[in-house]
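**Student:** Just to be clear, the model below is a prediction. Sequence and coordinates:
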Amino acid sequence: MSEVRHNWTKEEILEIYNRPLMDLLYEAATVHRKQHDPNVVQVSTLLSIKTGGCSEDCGYCPQAARYHTDIEGNDLMTVSQVKAQALRAKEGGSSRVCMGAAWRNVKDGPEFDQVLDMVRTINKLDMEVCCTLGMVTENQAQRLAEAGLYAYNHNLDSSEEYYKEVISTRGYQDRLDTIDNVRKTNVTVCSGGIIGMGENVEDRAGMLVALSTLNPQPESTPINALVAVEGTPLEEEKPVEIWDMVRMVATTRIVLPETQVRLSAGRTQMSREGQAMCFFAGANSIFAGDKLLTTPNPDVNEDMKMFELLGLKPQKPFTKKVQPQTVEAEESQYQALGEKPKWSRPGHTIERNEAAKAKGKLIK
Ligand code: SF4
């Protein structure tokens with residue numbers, strides 16, 4: 001069973017997630033081997049090109065301005081800084097660079113133009129370029145596509161129901177609309193979520209229903225284990241058990257058979273044996289580099305040692321899709337429209353977010 005289906009139900013996904021582990025692993029590995037080379041893993045590097053000071057209230061995020069955390073905020077990096085880091089990532093074996101900016105949504109203007117230049121620059125290094133910049137309109141997605149963007153990341157985070165317990169400043173439908181805007185271009189979609197935020201297994205299955213019923217399914221799905229950062233509303237959540245991570249990866253592999261499933265945040269808490277089990281269960285992408293935006297991540301050398309030990313090879317760039325063409329800014333068909341899109345702001349009260357905000361105010 002490895003055909004792509006867009007009609008998965010929560011009950012079917014729960015039945016898969018809760019199978020005896022050996023049966024679950026066997027089936028996930030079987031699906032994985034039909035669709036992918038089990039000994040090849042994509043290595044991506046995540047760069048935080050603009051850190052902190054974000055207006056949103058995502059309960060897991062140390063970059064939200066309203067919480068008091070130890071992270072150091074930074075303005076938008078320059079194109080040459082980004083190029084230097086991308087070259088270093090390439091030397092370290094990365095085939096993809098993902099640039100993250102702590103923005104609610106993209107705004108037309110000089111900063112977005114600078115990001116478009118970064119996309120052109122990295123594409124010309126023959127690396128896959130991904131961006132995660134918040135919500136985007138169709139025109140902005142088209143401009144990114146023209147610059148040579150390979151993928152756009154916009155996570156669903158959790159099920160629609162549990163999302164409301166974590167974020168009050170933007171709605172689930174806005175997330176889906178952004179993914180839809182990206183889909184209207186030739187940019188691939190990267191979308192996944194986080195486990196360990198206090199959600200239940202039904203919520204994990206609910207998120208997989210939302211991802212698997214997208215048509216086409218995302219080309220890439222990060223599965224993050226919450227890294228509970230002091231000062232955020234979720235600071236007291238317990239670390240995710242490796243068994244939960246393995247079950248989540250395996251279930252994701254079965255319902256998203258063609259997708260690159262990425263082990264993302266939380267890898268520092270996982271042993272090599274745990275990660276090996278995730279690769280067996282169908283994970284075929286990791287983030288490299290000692291930081292994931294602002295939280296710790298294993299060192300590149302450690303990862304390369306693990307690859308050697310497990311006989312894994314890093315995936316070459318553009319294995320799944322040809323390199324997008326880069327159009328220079330002056331030849332662009334799509335100009336800034338100066339749009340003011342009405343992304344929603346549900347504004348319901350989440351007690352623990354309010355408490356973390358109040359604590360943050362006291363400390364500041
Ligand atoms: S996850 Fe993104 S949108 Fe949410 S607070 Fe952090 S940087 Fe802002």
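**Tutor:** Perfect, I can see it now.
**Student:** Got the confidence number for S2?
**Tutor:** On pLDDT, S2 comes in at 64.
**Student:** quick one: contacts for S332?
**Tutor:** S332 sits next to R143, E146 when contact means Cβ atoms under 8 Å, 6 or more residues apart in numbering. Using the backbone N, CA and C atoms, a C-beta is placed for each residue, glycine as well.
**Student:** buried residues in the helix or strand hosting T121?
**Tutor:** Taking DSSP states H and E as the definition, one finds T121 inside helix 110-123. Buried residues in helix 110-123, defined by neighbour count with 16 or more other Cβ atoms under 10 Å: E111, F112, Q114, V115, L116, D117, M118, V119, R120, T121, I122, N123.
**Student:** Just give me the closest of those residues to V249.
**Tutor:** Among the buried residues of helix 110-123, I122 lies closest to V249 (Cβ to Cβ), at 27.9 Å.
**Student:** The closest residue to that closest one other than its chain neighbours and R272, how far apart?
**Tutor:** Of all residues not flanking I122 in the chain, V129 sits nearest, at 4.4 Å (Cβ to Cβ, 6 or more residues apart in numbering). Distance, V129 to R272, using Cβ to Cβ, to the nearest Å: 30 Å.
**Student:** more crowded one of these two?
**Tutor:** Taking neighbours as other Cβ atoms under 10 Å, V129 and R272 compare with V129 leading, 29 against 14.
**Student:** Would you mind confirming that that one is in contact with V97?
**Tutor:** Yes. Assessed by Cβ atoms under 8 Å, V129 is found in contact with V97 at 5.9 Å.
**Student:** got any residues that touch both of the two?
**Tutor:** Common neighbours of V129 and V97 (Cβ under 8 Å, 6+ apart) are I122.
**Student:** ranges for the strands of the protein?
**Tutor:** 40-50, 96-101, 128-132, 151-153, 188-190, 193-195, 220-225, 260-263, 283-288, 291-292, 295-296, 313-314 (DSSP state E).
**Student:** Same list (those strands) but as CSV, adding distance to the ligand and mean pLDDT.
**Tutor:** Below are the strands of the chain laid out as CSV (distance: least, Cβ to the nearest ligand atom, whole Å; pLDDT from 0 to 100):
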stretch, distance to the ligand, mean pLDDT
strand 40-50, 9, 93
strand 96-101, 8, 95
strand 128-132, 8, 97
strand 151-153, 11, 97
strand 188-190, 14, 97
strand 193-195, 10, 97
strand 220-225, 11, 96
strand 260-263, 17, 96
strand 283-288, 15, 91
strand 291-292, 12, 62
strand 295-296, 11, 66
strand 313-314, 28, 94
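**Student:** any chance of the ones you listed in TSV, with distance to M77 too?
**Tutor:** TSV is the format used below for the strands of the chain (distance: least, Cβ to Cβ, whole Å):
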stretch	distance to M77
strand 40-50	5
strand 96-101	9
strand 128-132	13
strand 151-153	18
strand 188-190	21
strand 193-195	25
strand 220-225	22
strand 260-263	23
strand 283-288	18
strand 291-292	14
strand 295-296	19
strand 313-314	25
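**Student:** closest to K305 out of those?
**Tutor:** The nearest among the strands of the chain, by Cβ to Cβ, is strand 283-288 at 12.4 Å.
**Student:** now what about that closest one, what contacts it?
**Tutor:** For strand 283-288, using Cβ under 8 Å, 6+ apart, the contacting residues are 32, 36, 38, 40-46, 89, 92-94, 98, 220, 222-223, 249, 253, 260-265, 267, 275, 297-298, 300, 303, 315.
**Student:** Separate out the buried members of the residues you listed.
**Tutor:** Neighbour-count burial (16+ other Cβ under 10 Å) applied to the contacts of strand 283-288 gives 32, 36, 41-46, 89, 92-94, 98, 220, 222-223, 249, 253, 260-265, 267, 275, 297-298, 300, 303, 315.
**Student:** Could you report the neighbour count for the closest residue to C54 other than its chain neighbours?
**Tutor:** In space, and not counting its chain neighbours, C54 is closest to A102: 4.0 Å by Cβ to Cβ, 6+ apart. Counted by other Cβ under 10 Å, the residues lying close to A102 total 27.
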